[in-house]
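In: the sequence and its predicted three-dimensional model are supplied below.
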Amino acid sequence: MKNSFQVGLLAAALLLPVGAGAFPGHGNPEEMEALRAEVFAEADVNDDGSLSVTEFASFHELLRARIDQQRFAKLDADGSGGVTLEELDAMKPHRGHGLRGGRRS
Ligand SMILES: [Ca+2]
């Protein structure tokens, strides 16, 4: 019982840093805020200042697409239009502010 609980905690802990690293805007709240406002305006098709259920769904899709675009651009260090394994690896060390950063071996 205890073991499966601990394994569950470990699994959750291992997933956290990856999840945080998935959103480049996390390091810059102002950038993220600006992006959100921009995407909100884009998703608000009838321009009434609020999102309908349909607009809300498209807001999420648009936001995700924009975040993916930004993330890709940051990963593609040489601007080749493709991300290599080395470029992916290069992003890792500076993001390690999770559990790994606290426990050095
Ligand atoms: Ca609207």
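Out: Here it is on my side, so go on.
In: return the helix or strand in the chain with minimum mean pLDDT.
Out: In the chain, no helix or strand scores lower on mean pLDDT, DSSP states H and E than helix 2-21, which sits at a mean of 46.
In: does the helix or strand following it reach the ion?
Out: Using DSSP states H and E, the helix or strand that follows helix 2-21 in sequence is helix 29-43. No: judged by Cβ under 5 Å from the ion, helix 29-43 stays clear of the ion, getting no closer than 7.9 Å. (Each C-beta comes from the backbone N, C-alpha and C, glycine too.)
In: who are the packing partners of the helix or strand following helix 29-43?
Out: Where DSSP H and E defines the elements, the next helix or strand beyond helix 29-43 is helix 53-75. Packing partners of helix 53-75 (3 or more Cβ pairs under 8 Å, 6 or more residues apart in numbering; DSSP states H and E): helix 29-43, helix 85-91.
In: which of those helices has the lowest mean pLDDT?
Out: Ranked by mean pLDDT, the helices and strands packed on helix 53-75 bottom out at helix 85-91, which scores a mean of 90.
In: follow-up on the earlier one: which one of the helices and strands packed on helix 53-75 is the most hemmed in?
Out: Sort these by mean neighbour count, taking mean count of other Cβ atoms under 10 Å, and helix 29-43 sits at the top with a mean of 14.
In: and that one with helix 53-75, angle?
Out: 140 degrees (axes from the mean of the first three to the mean of the last three Cα atoms, to 10 degrees).
In: residue numbers of this protein in contact with the ion?
Out: Counting by Cβ under 5 Å from the ion, the chain comes close to the ion at 44, 46, 48, 55.
In: pick out the most distant pair among those residues.
Out: Spanning the widest gap among these are Asp48 and Glu55, at 9.2 Å by Cβ to Cβ.
In: neighbour count for the two, which is higher?
Out: Glu55 (18 against 9; other Cβ atoms under 10 Å).
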